[in-house]
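# build me a structure from this.
(3 chains)
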Amino acid sequence: MAGFLQQVVEGLGAGAIYASLALALVLIYQFTGIVNFAQGELAMFSTYLAWQFTAAGLPFWLALVITLVVSFAGGMLIERVIIRPVEGAPELTVVIVTVGLFIFVNAAAGWIWSFLIKDFPNPFPEGALTAGGVSVGYSTLGILGVVGVVMGLLYLLFQHTKIGLGMRAVASNPGSARLVGIRVGWTLALGWGLAATVGAVSGVLVAPLLFLDPNLMGGVLIYAFAAATLGGFDSPVGAVVGGLIVGVAETLAGAYVGFIGSDLKIGVPLVIILVVLLLRPRGLFGRAVVERV
Amino acid sequence: MSELVVTDLVAGYGDARVLHGLSFIVAPGEICAILGPNGAGKTTLLRALSGMVRGRGSVRLGGTELTGRSPDAIARRGVAHVPEGRGTFMPLTVEENLRLGAYVRRRRTGVDADLDRIYTYFPALKSRLRQTAGSLSGGEQRMLAIGRALMLRPRLLLLDEPSLGLAPLITRELFRIVRAINEQERTTVVVVEQNAHLALGIAQQAHVLETGRIVLSGTAEQIRADEQVAQSYLGYRV
Amino acid sequence: MSESAEATGSPVTKESGGRAARRWRVPVHWRPLVIAALLVLACSAPFQLVPFRVFQFTMVLIYAVALLGLNLLVGHAGQISLGHGAFFAVGAYSAAIMLHAWDAPYPATLPVAAAVAFTLGLALGVPAVRLRGLYLALVTMAIAIFLGPLLKRFESVTGGPMGLTLAKPEPPAWTGLAEDQWLYFLTLAVAVVAFLVTGSLLRSRVGRALHAIRDDQAAAEVMGVRLSFYKTLSFAWSAMLAGIAGCLYTWVIGYVSPDSFGVTLSITLLAGLVVGGLGSFWGPLLGGLFVMFVPSISQSVNDAAPGVVFGLLIIAVMYVAPTGLAGLAGRAAYSIKKTLRKE
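Numbering: from 1, shown residues only, chains lettered A, B, ... in the order given. Coordinates of the predicted model:
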């Protein structure tokens, strides 16, 4: 039993990371209906920035704050410069542009920082909290805490500020949002900025567990896709719940299903995506959408 | 109270021109009805006025040129457009919808007072503040859309087919409220309506549109009195 | 909103797409001539070039076959696949396993690889066509990511992470060709057949049905196009062409490993096709040149340079020339002709 709980706890830790990247995906999807295939790469780039700042001698948390600010600005800039020209274009066009961004950012990071792996400092202390035979690493607790704080802040932003209200209005009906005087273009940019920031958090959290290299987020992205699909691509709450479920499911499958083991764990998100899309395409928390087929 | 002056307004979608040079003036505080058959360009006219459709020519509200500006910029200059159909923010609550109407107002003061004012016009909304807009009936959604437009404290209110799909009783109530709003707030109103009888009942003046041109203008009484017009353009006998 | 209703439509906006198509029609009369000239050039090339160049052009043809399949799906049917590298890998491994485990004669591997990829495409196509474009991209990408670990897992068959090393097809003595030339001609023959068959498929009612689906799915359905049938067919056919390309790859390289077919390959294929020209006749060939030569040229600058070039080019192409290089060439030809006519 304790062993099982142990696995669940570890799954939650992994799931929190998927949740944060899924949250970033959802933030953009909500406003634009775009799945940003470059989200993971943007997070990876942000993580390199954080690494660069710490390597320059800044204390970790200060480096993190600067990274988040830069990521926010970068996300907005990308929306204004790269996504804006294809706004309203057919889905295929937009997907291809984000794939182009994916390739570009991945290569740019390789160019700047090389493809050699780097050690990323772990902001959380070593060791673990043990209770009832289950030990929870401080690092897992830290990850859960950080993701919880990010969620809380987003909740406050969306539910209790005027900007958040405007953002929700744009997400639900851009045409009417324009008519009440909201600058929709800037709101979309804001969404990209927020997404880049939240994504950066996921990158910084995952980097100490893996090693930092330009392909850092390639694997995480697919889990985030699964999380967002499971939770519903238009539901931030769904993204987080989906992330945690995917994390736990993956860990349990790896631990208890002999055939899967640790090698084939990456099949878990694929199966989740397929099953959800075929059985309940809007996910657990998503709004029912009229399929435009 | 602002005067709306439209001069040689040309607008359309892509290569298809819908409006072929409209000119008219709406005096401050007046209600102007735009009548005409389907496809005459009535909705396009409102869209051109609110910037949803790019137009050429000139649209001036109280001396400010509006053509060429984006819809949100035009909204910030006091034009509230209630589009055809629902146009509400479905997943948001009624109160959030109304507060969004006041989005462009710099000062928060007066917003709560204005909310109360809207509730006096539309008491049905008050009991549903926490419900999502999507859960409202068609008539309530229309009321919500108009209420939201009023939260802007508009200088010009554009109403597109307020009666569409509503039961006659509700429609009459709605027009009574529009009249009351116009009288109390002195808001200039342009209303597009299929139901000419209703629209002429509250308007001071009216224009009849056909294939993108104004074919007849006059006071509401004049238009109503012209039986031939009534038959050929408005489709009903007086 | 009308904007979003078009969201599943063609990669080019309808307006500009129509215009591009009209412009493209002008050089079409020249096409047989151009093709004949190219074939003559293609047949004489291996006797003029050093073996390494011959190998490079063989690879161009292989990529072109894969892109031909991807073009059918993305360019003609408007479906997004970010996992075509997976079908490429399936074809490559089918051939490799046959050669390695059963000592099969290599000509036998081609139909088998094609059949395996086609079947897999069909099996995946049935659920996949129920997905909206975006989700199809997601699922195919997940498949491409999953394939690597899967290949590594079944080590006894696939050789695991080490892969399989194989003997390359020997040129028959009567041809008097060197190995690289023989492989080149084999690939050329397969590529020509693949282009001919797919071309005639596209000119048939299947092609018209696919274009109808791409341009307006709802309208196509109303017109009586059996959506799921044609979408599944295009998915399977396009998987088969990728599988054939994979089989050729195994012949030519003589080595397969999971890392050769990562998600990068899938993305590179899509990139090559976009740059070459979505939905155009020459797109796959131009894309093949691109996929082969851009990395080898730009790699001399930096390891990351190919990615930077690809990424920027894809975005730029989507902005200025959604019909890619082929479309640009077509437009150029059109405007030259127009200027000539004026004079």
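
# ok, residue C:197 - contacts?
By Cβ atoms under 8 Å, 6 or more residues apart in numbering or on different chains, the contact list for residue C:197 is empty. Heads up, the C-betas are built off the backbone N, CA and C, glycines and all.

# now it, what's its secondary structure?
helix (DSSP: H, G, I helix; E, B strand; the rest coil).

# pLDDT score assigned to it?
pLDDT, residue C:197: 84.

# pull up the residues of the stretch 101-250 of chain C that are close to chain A.
C:127, C:130-135, C:137-139, C:141-143, C:145-146, C:149-150, C:152-153, C:217-218 (Cβ under 8 Å from any Cβ of the partner chain).

# out of those, which are buried?
C:130-135, C:137-139, C:141-143, C:145-146, C:149-150, C:152-153, C:217 (16 or more other Cβ atoms under 10 Å in any protein chain shown).

# and residue C:112, what is it in contact with?
C:94, C:95, C:98, C:104.

# pick the one among the residues you listed closest to chain B.
Set against chain B, the nearest of the contacts of residue C:112 by Cβ to the nearest Cβ is residue C:94 (49.1 Å).

# just put the contacts of residue C:112 in JSON lines and tack on secondary structure, neighbour count and pLDDT.
Shown next, in JSON lines, are the contacts of residue C:112 (DSSP: H, G, I helix; E, B strand; the rest coil; neighbours: other Cβ atoms under 10 Å in any protein chain shown; pLDDT from 0 to 100):
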{"residue": "C:94", "secondary structure": "helix", "neighbour count": "23", "pLDDT": "89"}
{"residue": "C:95", "secondary structure": "helix", "neighbour count": "30", "pLDDT": "86"}
{"residue": "C:98", "secondary structure": "helix", "neighbour count": "21", "pLDDT": "86"}
{"residue": "C:104", "secondary structure": "coil", "neighbour count": "14", "pLDDT": "77"}
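
# now those as a markdown table including distance to chain B?
Shown next, in a markdown table, are these (distance: Cβ to the nearest Cβ, whole Å):
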| residue | distance to chain B |
| --- | --- |
| C:94 | 49 |
| C:95 | 51 |
| C:98 | 55 |
| C:104 | 59 |
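
# roughly how far does residue B:6 sit from chain A?
According to Cβ to the nearest Cβ, to the nearest Å, residue B:6 stands 19 Å off from chain A.

# how about the secondary structure of that residue?
Relying on three-state DSSP, one would call residue B:6 strand.

# thinking it is in contact with residue B:19, fair?
No. Counting by Cβ atoms under 8 Å, residue B:6 stays clear of residue B:19, with 9.9 Å between them.

# okay, the helix or strand encompassing residue C:54 in CSV with CA atoms only?
Using DSSP states H and E, residue C:54 falls within helix C:51-70. Below are the C-alpha coordinates for helix C:51-70, written out as CSV (Å, rounded to 0.1, in the frame of the first residue of the first chain):
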residue,chain,number,x,y,z
PRO,C,51,29.4,8.7,-56.1
PHE,C,52,28.7,10.9,-53.1
ARG,C,53,26.6,13.3,-55.2
VAL,C,54,24.8,10.3,-56.7
PHE,C,55,24.0,9.2,-53.2
GLN,C,56,22.8,12.7,-52.3
PHE,C,57,20.4,12.7,-55.3
THR,C,58,19.2,9.3,-54.4
MET,C,59,18.3,10.6,-51.0
VAL,C,60,16.5,13.6,-52.7
LEU,C,61,14.4,11.1,-54.6
ILE,C,62,13.6,9.1,-51.4
TYR,C,63,12.5,12.2,-49.6
ALA,C,64,10.5,13.3,-52.6
VAL,C,65,8.6,10.0,-52.5
ALA,C,66,7.8,10.5,-48.8
LEU,C,67,6.8,14.1,-49.5
LEU,C,68,4.6,13.0,-52.3
GLY,C,69,2.7,11.0,-49.7
LEU,C,70,2.7,13.9,-47.2
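
# run through the neighbouring helices and strands of that helix.
Judged by 3 or more Cβ pairs under 8 Å, 6 or more residues apart in numbering or on different chains; DSSP states H and E, helix C:51-70 is in contact with helix C:31-48, helix C:84-101, helix C:179-203, helix C:227-253, helix C:263-276, helix C:283-298.

# circling back to that earlier point, pick out the most distant pair among the contacts of residue C:112.
C:94 and C:104 (10.2 Å; Cβ to Cβ).

# re earlier: okay if I get the helices and strands packed on helix C:51-70 as TSV plus distance to residue B:220?
Output for the helices and strands packed on helix C:51-70, formatted as TSV (distance: least, Cβ to Cβ, whole Å):
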stretch	distance to residue B:220
helix C:31-48	66
helix C:84-101	66
helix C:179-203	61
helix C:227-253	52
helix C:263-276	59
helix C:283-298	62
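
# need the strands for chain B, in chain order.
Listed in chain order, the strands of chain B (DSSP state E) span B:4-13, B:16-26, B:31-35, B:55-61, B:64-65, B:79-82, B:156-160, B:188-192, B:205-210, B:213-219.

# out of the ones you listed, which comes closest to chain C?
strand B:4-13 (9.1 Å).

# other SSEs contacting that closest one?
Using 3+ Cβ pairs under 8 Å, 6+ apart: strand B:4-13 touches strand B:16-26, helix B:42-50, strand B:55-61.

# from the rest of the structure, what touches stretch A:65-84?
Here stretch A:65-84 has contacts from A:32, A:34, A:42, A:45-47, A:49-50, A:53, A:58, A:94, A:97-98, A:101, A:185, A:188-197, A:199-201, A:204, C:315, using Cβ under 8 Å, 6+ apart.

# for it, buried residues please.
Buried-residue list, stretch A:65-84, by 16+ other Cβ under 10 Å: A:67-68, A:70-72, A:74-76, A:78-80, A:82-83.

# is residue A:130 in a helix, a strand, or coil?
At residue A:130 the chain is in strand, as set by three-state DSSP.

# and for it, nearest residue in space, chain neighbours not counted?
Using Cβ to Cβ, 6 or more residues apart in numbering or on different chains and skipping residues adjacent in sequence, the residue nearest residue A:130 is residue A:136, 7.7 Å away.

# also residue A:103?
residue C:311 (3.8 Å).

# hmm, back to that, mean pLDDT lowest for which of the helices and strands packed on helix C:51-70?
helix C:31-48 (a mean of 76).

# okay, the helices and strands packed on strand B:4-13 in CSV with mean pLDDT and distance to residue B:84 next?
Shown next, in CSV, are the helices and strands packed on strand B:4-13 (pLDDT from 0 to 100; distance: least, Cβ to Cβ, whole Å):
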stretch, mean pLDDT, distance to residue B:84
strand B:16-26, 90, 15
helix B:42-50, 92, 6
strand B:55-61, 91, 18
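
# that older thread, winner for burial among the strands of chain B?
With neighbours taken as mean count of other Cβ atoms under 10 Å in any protein chain shown, the strands of chain B reach their highest mean count in strand B:79-82, at a mean of 29.

# and it, is it in reach of chain C?
No. Applying Cβ under 8 Å from any Cβ, one finds strand B:79-82 separated from chain C by no less than 15.7 Å.

# need the contact partners of that strand.
A:179, B:46-47, B:49-50, B:52, B:61, B:66, B:71, B:75, B:101, B:142, B:145-146, B:148-150, B:152, B:154-160, B:162.

# same check, this time on stretch B:47-59
A:175, A:178-179, B:4-13, B:19, B:21-22, B:44, B:65-71, B:73-75, B:79, B:81, B:83, B:156, B:158, B:190.

# any idea how far residue C:286 is from the most centrally placed residue in chain C?
Of all residues in chain C, the one closest to the mean position by Cα atoms, centre = their mean is residue C:67, 1.0 Å from it. Relative to residue C:286, residue C:67 is positioned 9 Å away (Cβ to Cβ, to the nearest Å).

# shared neighbours, the two?
residue C:276.

# quick one: secondary structure of residue C:125?
helix.

# circling back: ok, the residue nearest to residue A:103 - how many residues close by?
25 (other Cβ atoms under 10 Å in any protein chain shown).
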